[in-house]
Structure formats: C-alpha cells, structure tokens
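# For reference, the sequence and a predicted model appear below.
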Amino acid sequence: MLSSVLIVDDEKHTRDGLRQALEDDYDVSVAANAEEAFNQMDSQEFDVVLTDLRMPGKSGLKVIDKALALPNKPAVIMMTAYGSIDSAVEAMKRGAVDFLTKPVNIERLEVLIQRALKTRTLEVEVKQLNERLDEKFNVGGIVGHSGKLKDVIDRVRLVAPSRATILIDGESGTGKELIAQAIHQASPRARAPFVAVHCAALSENLLESEIFGHERGAFTGAMEKRVGRFEAADTGTLFLDEIGEITPSTQVKLLRFLETKSIERVGGSKPIQLDVRLVAATNRDLEQLVREGKFREDLFFRLNVVRITLPPLRERTDDIPLLLAHYIKFFAQENGVAPLTIEPGALRYLQAYPWPGNIRELRNFTENAVVMHRGAKLTEYDLEPRFRGDRLALPAPGASATAGAGTDSIPRGGGGASSAAGGASLSVEENEKRLLREALIKARGNRTKAAQLMGISRRTLHRKVAQWPELDVIDG
C-alpha cells in the first residue's frame with residue numbers, strides 16, 4: 001500500500017508538477033488552499049502533508065496546526081519561496097518535521113518525505129507500544145499505584161522500544177518475570193517469541209543444552225540435534241531468570257553472545273547469528289558475587305546496561321489493598337464463587353504484615369482464602385497466627401498512617417468507612433511514635449526486625465528515628 005501525501009499550494013503549476021513527480025511512488029492528493037486541505041484531512045488520513053507557507057487566506061502555519069491536531073497526525077513538511085530563517089524556525093516550532101525552499105529540488109524532497117515517513121512510523125509505533133503497555137499493566141496483573149511501582153513502570157516505558165540488554169533485580173516473588181513480559185509486549189518484538197528459562201532449575205549440562213541447543217552426538221543420550229532457547233527466541237526476547245546461578249562455563253558462552261550476537265550449539269563449532277533481546281533477572285547481589293569471584297565482572301557489565309530494581313511488597317504497602325482486590329476477583333471468577341470481602345480489621349493486619357514472599361505469597365494467601373474460607377467475609381480473627389499472633393496491637397481505623405487510613409473493606413463499594421472508637425485518642429504522630437517504640441523494644445533495638453514488625457522499610461524506620469531522637473536509645 002502506497003504512503004499518502006497531501007500537497008497544499010495555491011499555485012496550480014506547482015501542485016501539478018509536484019504531483020507528477022511523486023505519484024509513481026505515493027498516493028498523492030492536492031489542495032489549492034488551507035480550507036480545501038482541512039476538508040481533505042477531515043475525510044482522509046494522510047501520512048505526509050507538504051504545504052506552502054504563503055497562501056491567500058489561511059497560511060501554511062494553520063495547515064500545520066490542523067494536521068497536528070488530528071488523532072493520527074501526519075508528518076508535515078513546509079515549503080516556501082521566502083526561505084527566511086524566521087519562517088523555518090516558526091514552522092519547526094509548530095511541529096513541521098522539515099523545511100524546503102522554492103523552487104523545490106525533487107531529489108531533496110523525496111529524501112525529506114522518506115525521512116518524514118520514518119519519523120511518523122516511529123511515532124505511531126511508540127504510541128501503540130505505550131497503549132499496549134497500559135493494557136498490559138491494567139489487565140496483565142501488574143497492579144498498584146505506589147510511587148515506587150510508578151518509577152518501575154516509567155523505566156519500562158523508556159527502555160522497552162530499545163535494543164538494550166536489561167537486568168531486573170529484586171527479592172523473590174516481586175514479579176520479575178511479569179516485568180520482563182511487559183518489556184517484551186511494549187517493544188517492537190511483541191509479535192515475536194518471549195522465551196523464559198529458569199536457570200536455577202536445571203543442572204549445568206542441561207542448562208547449556210537448554211539455552212544453546214546441542215548437536216547430535218554432543219554427549220551421551222544426544223540422539224538428535226536440539227534447537228536451544230536462544231534460537232527459539234530469534235527476533236524476540238529471551239528471559240533468563242536467576243542469572244546469578246549459572247556456572248562459569250555458561251557465563252563464558254553467554255558473554256560471547258552479548259559480544260558477537262552469535263551462539264554455538266553444544267558439540268558444534270559453527271556460529272549461529274541471532275537477533276535476540278536479552279533480559280536477565282536475579283534475586284542475588286551480583287556485585288557481591290563478582291567480588292567473591294563467582295560471577296564474571298565483564299559479563300555483569302554486559303548485563304547491567306539498564307537496571308530495573310523491583311521494590312519488595314513491604315515497601316509498597318499502599319498497593320496491598322489493590323492487589324488483594326485484584327486476586328480476590330481473579331480467583332473468585334476462576335473458581336466460580338462469590339468474591340470474598342476483607343474486613344477493615346483484617347486488612348490492617350495484612351497491610352502491616354511484611355510479606356517475605358512478596359506478591360507470590362500474597363497471591364497464594366488470596367487463593368487459599370477464596371477457596372477455603374467459609375462465609376462471605378474475612379475478619380482479623382480468621383487470619384493465621386503469622387499475620388497477627390506475634391505482632392503489635394494495631395490502632396483503630398484512621399488512627400495511624402501505617403494502618404492504611406481511610407481504607408474500607410475489599411472489594412470496594414460495600415459499606416461506609418469505619419471510624420475509631422469513641423473517647424480520647426492519640427494523634428496520628430503520637431500513635432506512630434508509640435508503635436515504633438513498641439516495635440523497637442520488641443525487637444531489642446534491632447531496626448531491621450522492628451521495620452519488619454511494623455511492615456515498613458528499614459529506610460522509613462531510620463527516617464522516623466531521626467525525626468524522634470528519643471527512640472534512638474532503645475536497646476530492649
């Protein structure tokens with residue numbers, strides 16, 4: 001299908017000459033003035049608009065404004081016999097991608113049209129990728145609105161269209177594979193394969209064969225040639241989870257791919273060129289492994305081109321109600337049961353719980369609750385002891401920011417917000433200070449454990465202790 005070009009010029013011989021020069025390669029339409037151009041742009045979508053600057057009535061600048069206000073905006077090239085710098089600057093400010101002076105050099109014009117088409121194609125792809133990324137985040141299980149999650153999403157948006165190698169790190173269960181899939185879905189490779197390999201699940205020999213493939217007779221039992229995951233992911237994305245577990249020999253082969261974009265099957269000697277985007281993930285400290293001599297430094301640098309660090313769930317407690325609601329709905333539909341409602345008292349404990357298994361643990365908890373719980377509501381008395389047995393007494397709803405103030409039961413929409421019990425009550429700040437003091441005493445001054453008891457990050461606890469120096473002397 002030919003790309004479409006609209007030529008806007010009040011001089012008939014210019015319109016006809018440009019149409020004749022371009023119509024063999026493009027679907028060309030013409031307009032004698034801005035009003036005609038507006039009508040055509042309202043009824044037909046164009047890839048490129050080529051407009052004169054000086055015309056009777058509305059000028060070419062108005063044509064630029066109209067074109068760039070369209071839902072699928074074309075690329076605009078301005079042309080004028082008055083080739084002043086001011087005209088060029090104003091046209092570019094309005095959004096024109098390039099500028100030509102009259103009389104028009106046809107070869108130069110064709111170069112500019114091709115460049116404009118590439119620019120428009122890139123803009124359309126970026127728009128589509130962002131739409132797909134939004135859909136993936138809204139539908140695919142990436143749930144939340146906390147600042148830390150938004151930072152992750154912003155980095156995904158920026159890096160997805162590129163070819164850069166990506167390293168995702170974070171604790172187990174934080175959703176590293178889901179982020180890798182989101183990067184793939186938001187990239188130009190979205191229609192190509194996404195292939196995942198969990199490195200820690202395979203022995204050294206099996207892992208090399210799984211990733212790189214093998215030739216017939218490469219080792220005992222290799223009765224036929226096997227295509228590895230790298231080749232299966234050609235033109236797409238290969239996700240290597242738990243990359244910190246791979247052996248030195250596999251590290252060497254992986255480094256070779258990153259340097260040459262080629263692999264050799266186990267038992268083979270012929271390089272195989274591949275176009276694969278590599279995304280790796282780890283829950284281990286790779287820098288520490290490098291210092292210990294267990295991970296190659298050159299491979300680490302090759303992997304660590306772009307780094308995305310996923311926060312643990314205890315550092316995004318605002319997302320816990322949303323995640324619970326999401327998984328309650330999902331598992332209720334999957335099992336054909338009515339959605340479970342989590343009462344505010346239970347929700348406060350669940351938000352304060354540190355979730356050492358992160359989202360994976362919360363998902364499993366929700367599935368168990370939906371399938372096994374008798375009744376329509378889950379109260380704090382229905383929770384297992386690990387959620388409330390060895391924990392601090394939590395304040396009433398609205399009494400402390402750490403308790404998820406203002407959060408009603410889940411799903412939303414049923415009942416009003418709970419209010420604190422009557423009578424005298426501490427301020428939010430006093431309540432928070434009291435809870436921190438109790439946590440530090442219970443943890444015998446161990447700030448990491450105290451942060452876990454409170455369901456907050458260690459950094460947040462340090463900030464609070466700095467705010468209230470009298471807490472700094474607590475040693476149990």
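Sure thing, it's come through.
# Might you list the low-confidence residue ranges for the stretch 1-150 of the chain?
Along the stretch 1-150 of the chain, the parts satisfying pLDDT under 70 run over 1, 82-85, 125-141.
# again, only this time at 80
Within the stretch 1-150 of the chain, the segments meeting pLDDT under 80 span 1, 80-89, 119-142.
# List the beta-bridge partners for Leu167.
Ala280, Arg307 (DSSP bridges).
# Just give me the neighbour total for it.
Neighbourhood size, Leu167 [other C-beta atoms under 10 Å]: 20. Using the backbone N, CA and C atoms, a C-beta is placed for each residue, glycine as well.
# In the stretch 101-250 of the chain, what residue spans correspond to helices?
In the stretch 101-250 of the chain, the helices defined using DSSP state H, counting those that start in this stretch lie at 106-139, 147-159, 176-185, 204-212, 229-232, 248-260.
# Now distance to Glu11 too, for those, in JSON lines please.
Listed next are the helices of the stretch 101-250 of the chain as JSON lines, based on distance: least, C-beta to C-beta, whole Å:
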{"stretch": "helix 106-139", "distance to Glu11": "16"}
{"stretch": "helix 147-159", "distance to Glu11": "45"}
{"stretch": "helix 176-185", "distance to Glu11": "49"}
{"stretch": "helix 204-212", "distance to Glu11": "64"}
{"stretch": "helix 229-232", "distance to Glu11": "58"}
{"stretch": "helix 248-260", "distance to Glu11": "56"}
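# For Ile359, find the nearest of these.
helix 176-185 (8.5 Å; C-beta to C-beta).
# Which residue ranges make up the domains of the protein?
Taking automatic domain parsing as the reference, the chain has its domains at 4-124, 143-311, 316-424, 426-476.
# Quote the end-to-end distance of the first one.
Put plainly, it is domain 4-124. Start-to-end span of domain 4-124 (C-alpha to C-alpha, to the nearest Å) is 15 Å.
# Quick one: distance of it to the chain centre.
36 Å (C-alpha atoms, centre = their mean, to the nearest Å).
# Check stretch 243-252 too.
27 Å.
# for it, which positions count as buried?
Ile243, Gly244, Glu245, Ile246, Thr250, Gln251 (16 or more other C-beta atoms under 10 Å).
# C-alpha coordinates for stretch 330-345, CSV please?
Output of stretch 330-345 as CSV, limited to C-alpha atoms (Å, rounded to 0.1, in the frame of the first residue of the first chain):
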residue,chain,number,x,y,z
PHE,A,330,-9.5,-13.3,39.7
PHE,A,331,-9.7,-16.4,41.9
ALA,A,332,-13.5,-15.9,42.6
GLN,A,333,-14.1,-16.0,38.8
GLU,A,334,-11.7,-18.9,38.3
ASN,A,335,-13.4,-21.0,40.9
GLY,A,336,-17.0,-19.9,40.3
VAL,A,337,-17.5,-18.5,43.8
ALA,A,338,-18.7,-15.1,45.2
PRO,A,339,-15.9,-12.6,45.9
LEU,A,340,-14.7,-12.5,49.4
THR,A,341,-14.9,-9.3,51.5
ILE,A,342,-11.9,-8.5,53.7
GLU,A,343,-13.0,-6.6,56.8
PRO,A,344,-11.0,-3.5,57.8
GLY,A,345,-9.6,-5.2,60.9
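# Of all the residues in that stretch, which ones are buried?
For stretch 330-345, a neighbour-count test (16+ other C-beta under 10 Å) marks Phe330, Phe331, Ala332, Pro339, Leu340, Thr341, Ile342, Glu343, Pro344, Gly345 as buried.
# Over to stretch 286-302?
Quick answer for stretch 286-302 (16+ other C-beta under 10 Å): Leu286, Leu289, Val290, Phe295, Arg296, Leu299, Phe300, Arg302.
# and the residues you listed, which two are the farthest apart?
Greatest spatial distance among the buried residues of stretch 286-302 (C-beta to C-beta): Leu289 and Arg302, at 14.7 Å.
# any chance you could map the strands in this structure?
Using DSSP state E, the strands of the chain run over 4-8, 27-31, 48-52, 75-80, 98-101, 166-169, 194-198, 237-241, 262-263, 272-273, 277-282, 306-309, 341-342, 377-378.
# Could you pull up the residues touching the spatially closest residue to Ile113 that is not a sequence neighbour?
Among residues not flanking Ile113 along the chain, Val48 sits closest, at 5.6 Å (C-beta to C-beta, 6 or more residues apart in numbering). Val48 makes contact with 3-6, 26, 74-77, 113, 116-117, 120, according to C-beta atoms under 8 Å, 6 or more residues apart in numbering.
# How about Ser187?
Counting by C-beta under 8 Å, 6+ apart, Ser187 has contacts Leu129, Ala160, Pro161, Thr237, Arg277.
# Can you give me the distance of the closest residue to the second one other than its chain neighbours to Met79?
Leaving aside its chain neighbours, Ala160 sits nearest to Ala186 (3.8 Å; criterion: C-beta to C-beta, 6+ apart). Remark: distance between Ala186 and Met79 (C-beta to C-beta, to the nearest Å) = 37 Å.
# ok, now Thr460?
Thr460 is 59 Å from Met79, by C-beta to C-beta.
# and Arg94, how many residues sit next to it?
Neighbour tally, Arg94, other C-beta under 10 Å: 17.
# again with Pro321
21.
# Mind listing the residues bridging to the residue nearest to Ile113?
Bridge pairing for Val48 - DSSP bridges - gives Val5, Ala75.
# contacting residues around Leu436?
Ala450, Met454, Leu461, Lys464, Val465, Trp468, Leu471.
# Whichever of those residues end up buried, select them in ChimeraX.
Buried residues among these (16+ other C-beta under 10 Å), as a ChimeraX selection:
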select :450,454,461,464,465,471
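# between the contacts of Leu436, which is nearest Arg374?
Distances from Arg374 to the contacts of Leu436, taken by C-beta to C-beta, are shortest for Met454, at 31.4 Å.
# Do you know the pLDDT at the closest residue in space to the closest one that isn't next to it in sequence?
Leaving aside its sequence neighbours, Met454 sits nearest to Ala439 (C-beta to C-beta, 6+ apart; 5.0 Å). Predicted confidence (pLDDT) for Ala439: 78.
# list the contacts for Gly168?
In this structure residue 168 is Ile, not Gly. For Ile168, the contact set (C-beta under 8 Å, 6+ apart) comprises Lys176, Ile179, Ala180, Val279, Ala280, Ala281, Thr282, Arg307, Ile308, Thr309, Leu310.
# What's the local residue count around the residue nearest to it when sequence neighbours are not counted?
Nearest non-adjacent residue to Ile168, counting by C-beta to C-beta, 6+ apart: Ala281, 4.3 Å away. Around Ala281 there are 25 other residues, counting by other C-beta under 10 Å.
# list the contacts for Ala281?
Counted by C-beta under 8 Å, 6+ apart, Ala281 has contacts Leu167, Ile168, Asp169, Gly170, Lys176, Glu177, Ala180, Phe239, Leu240, Asp241, Glu242, Ile243.
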